[in-house]
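1. Curious how this folds, go ahead:
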Amino acid sequence: MAVSWSPMVAAPLLLAVAALFHVRAPEPYMDEPFHVPQTQHYCKGDFSNWDVKITTFPGLYFVGAAWAKLLNYAHMLYLPAQVQDCSTTTLRTTNILLGLVCLRLLHALYKALHPEGSHQTCTQTAWLIFLFPLHFFFHFLYYTDVGSVTFVVAAYLACMKHRYRTSALLACWAVLFRQTNAVWVCFIIGMSVLGRTLKPAEGKPISATMLQQCLQALTASWKARWQLLADLWPMLLVPACFAAFVVWNGGIVLGDKAAHTPVQHLMQPLYFVLFTVAALGPFHFSPFRISQAAKQLSASMKERPLPTLLKLGCGAAAAYLLVDNYTLVHPYLLADNRHYTFYIWKNFFGRYVAARFWLIPLYLYSAWSLWDSITRQQSKACALLLALCTAVSLIPAWLIEFRCTPFTAFLQSLLEDAHSCSSFRQQEALPGLSFAVLPVNQPCLWSIAVDSALLRCS
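-> Alright, predicted model coming up:
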């Protein structure tokens, strides 16, 4: 099949950009001054040494050290001289390997979610996610991002194939890469339950309203509770153990707890929906999509004018209250010029306070567009589950960090109606290449101080 060629096409692309990174940024870059030395301790067999500034579990370091050891052994087969290479460049290749695996898994997962989907659509969607700007860039650095996505996708695919113990093991590794993946393990469990319980009964269609669908799923889940527990208990152990860790640890992160205090950052979902729609702009901001929105609004105003106006008014009022009361600014947002959010805040939100309110119509449009695209293919209960998991993973975070949210955007692409946006897939994938190359040609403007740089995603 043609998809088998995808990793073969991706490998030269990844290696070419990786070579550029090696030339332009051979030394540890951004947060690598934390990740690389920690893994080098593991490469030496020193597992007791731990940097207290690191916030994540050591999943990346275990995999990176094992990969470096494997490369060293392979090198010794050809050059018998003793080699112990655990350099930055060697460790960065870990994410190239994981990225190639992830590309194949994405195709398989999309096919499992959409059995009727064409081979071309599956391949386009896999490449769209693979080239997503905030995912593709981190193939070339030694970060947790690519491994995090790879293990969550693998766990989801294993669950779809009813291999629950395998899925639980992969989910454990996903959490070892990034703690917030515990939320996505819950999402996978929820989707498995909905897939079993939210089915037409005796030829009757699935309930139309979201409330009816949720009640139907809850009722059916209770009736089948023992069977569900018998099948899903390995996966349920993962979030349960993580919850026990949070209670014992007094928080989600391992180190630097003072800078990662949970807050009520209710603006985070609004930032997320706008970011996701902008990242997938060729579809969501296309004339076709905007005309769809206008037609739906016009039809709704004709059929139910008062409820429609009430929904719009309540949505706008809620967004206004969130912008006015929950626009939180983390100190590092204003001080760390290594991230795009620094420049967005410095040149836009921070300079023009009124601009924060100007985006309310875009927030509302973005939320509608994402909800509409996913409910064309999935149940409203599924869309609600995705929204709730997104909110749980985002709202406690004080810092705005879009690189910690791509998996939700990936789920949006995996679950949404493929037929309505397949013609825009190629256009959506193109920005990934430019976003990967531009930062390495514009290196950080200040030296990374070990005491001030933070590992943000947990």
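
2. the helices in the stretch 201-350 of the chain, which residues?
-> Counting by DSSP state H, counting those that start in this stretch, the stretch 201-350 of the chain has these helices, from start to end: 210-223, 225-249, 268-279, 281-284, 287-303, 305-325, 331-335, 340-344.

3. whoops, the stretch 1-150 of the chain was the one
-> Along the stretch 1-150 of the chain, the stretches classed as helices by DSSP H, counting those that start in this stretch are 6-24, 32-43, 59-78, 88-113, 119-130, 133-136, 145-160.

4. highest average neighbour count across those helices?
-> helix 145-160 (a mean of 26; mean count of other Cβ atoms under 10 Å). Bear in mind the C-beta positions are built from the backbone N, C-alpha and C, glycine included.

5. what helices or strands is that one leaning on?
-> Here helix 145-160 touches helix 59-78, helix 88-113, helix 133-136, helix 164-177, helix 181-197, helix 406-415, going by 3 or more Cβ pairs under 8 Å, 6 or more residues apart in numbering; DSSP states H and E.

6. picking that back up, now for the helices of the stretch 201-350 of the chain, which one comes closest to residue 158?
-> Go through the helices of the stretch 201-350 of the chain one by one with Cβ to Cβ and the one that ends up closest to residue 158 is helix 225-249, at 9.6 Å.

7. That closest one versus helix 181-197: what angle between them?
-> 170 degrees (axes from the mean of the first three to the mean of the last three Cα atoms, to 10 degrees).

8. tell me the mean pLDDT over helix 225-249?
-> Per-residue confidence for helix 225-249 averages out to 94 on the pLDDT scale.

9. buried sites along that helix?
-> Within helix 225-249, the residues scored as buried using 16 or more other Cβ atoms under 10 Å are 228, 231-232, 234-236, 238-239, 242, 245.

10. will you turn these into TSV that also has distance to residue 397?
-> Output for those, formatted as TSV (distance: Cβ to Cβ, whole Å):
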residue	distance to residue 397
228	31
231	33
232	28
234	29
235	25
236	25
238	21
239	18
242	17
245	18
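
11. now, which of those sits nearest residue 218?
-> Within the set of these, residue 228 lies nearest residue 218; the separation is 11.9 Å, counting by Cβ to Cβ.

12. residues in contact with the closest one?
-> Contacts were defined as Cβ atoms under 8 Å, 6 or more residues apart in numbering; by that measure residue 228 touches 193, 196, 221.

13. What residue, apart from its backbone neighbours, is nearest the first one spatially?
-> When you say that, I think you mean residue 193. Nearest non-adjacent residue to residue 193, counting by Cβ to Cβ, 6 or more residues apart in numbering: residue 221, 5.7 Å away.

14. could you check the distance from the one you found over to residue 333?
-> Counting by Cβ to Cβ, to the nearest Å, the gap between residue 221 and residue 333 amounts to 41 Å.

15. how many other residues sit next to residue 294?
-> When neighbours are counted by other Cβ atoms under 10 Å, residue 294 registers 10.

16. so residue 154 touches residue 170, yeah?
-> Yes. Checked against Cβ atoms under 8 Å, the pair residue 154 and residue 170 is within contact range at 4.6 Å.

17. thinking again about what came up before, can you redo the contacts of residue 228 as TSV, where the extra columns are pLDDT and distance to residue 36?
-> Conversion of the contacts of residue 228 to TSV gives the following (pLDDT from 0 to 100; distance: Cβ to Cβ, whole Å):
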residue	pLDDT	distance to residue 36
193	94	41
196	89	44
221	91	46
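
18. Of those residues, which is the most crowded?
-> Counting neighbours by other Cβ under 10 Å, residue 193 comes out on top of the contacts of residue 228 with 20 neighbours.

19. That one is in contact with residue 218, isn't it?
-> No. Taking contacts as Cβ under 8 Å, residue 193 lies outside contact range of residue 218: 9.6 Å.

20. so who does the most centrally placed residue in the chain touch?
-> In the chain, the C-alpha nearest the mean C-alpha coordinate belongs to residue 407, at 1.7 Å (Cα atoms, centre = their mean). For residue 407, the residues meeting the contact criterion (Cβ under 8 Å, 6+ apart) are 148-149, 152, 181, 184.

21. Let me have these in TSV, extended by distance to residue 12 and pLDDT.
-> Rendered in TSV, the data for those read as follows (distance: Cβ to Cβ, whole Å; pLDDT from 0 to 100):
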residue	distance to residue 12	pLDDT
148	25	93
149	21	93
152	26	95
181	30	93
184	31	94
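
22. Mind putting the residues you listed into CSV with distance to residue 61?
-> Formatted as CSV, these follow (distance: Cβ to Cβ, whole Å):
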residue, distance to residue 61
148, 14
149, 18
152, 19
181, 16
184, 21
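
23. Can you pull the poorly scored residue ranges out of the stretch 301-450 of the chain?
-> Screening the stretch 301-450 of the chain residue by residue with the criterion pLDDT under 70, one finds the ranges 336, 338-339, 417-450.

24. Against residue 233, how distant is the spatially closest residue to residue 355 that is not a sequence neighbour?
-> Among residues not flanking residue 355 along the chain, residue 348 sits closest, at 5.8 Å (Cβ to Cβ, 6+ apart). Residue 348 is 48 Å from residue 233, where distance means Cβ to Cβ.

25. With residue 271 instead?
-> Taking Cβ to Cβ as the criterion, residue 271 is separated from residue 233 by 36 Å.

26. and if you look at residue 146?
-> Where residue 233 is concerned, residue 146 sits at a distance of 30 Å (Cβ to Cβ).

27. got the contact list for residue 400?
-> When contacts are counted by Cβ under 8 Å, 6+ apart, residue 400 is found next to 268, 271, 330, 333, 341, 345.

28. closest to residue 397 among those residues?
-> Nearest to residue 397 among the contacts of residue 400, with distances taken as Cβ to Cβ, is residue 268, at 6.3 Å.

29. which residues does that closest one contact?
-> Applying Cβ under 8 Å, 6+ apart, we find residue 268 in contact with 391, 394-395, 397, 400.

30. follow-up on the earlier one: export the contacts of residue 228 to a markdown table and tack on distance to residue 56?
-> Compiled in a markdown table, the contacts of residue 228 are given as follows (distance: Cβ to Cβ, whole Å):
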| residue | distance to residue 56 |
| --- | --- |
| 193 | 29 |
| 196 | 33 |
| 221 | 33 |
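
31. now, which of these sits nearest residue 90?
-> Proximity of the contacts of residue 228 to residue 90 was ranked by Cβ to Cβ; the top entry is residue 193 with 42.3 Å.

32. In contact with the closest one, which residues are there?
-> For residue 193, the contact set (Cβ under 8 Å, 6+ apart) comprises 217, 221, 228, 232.
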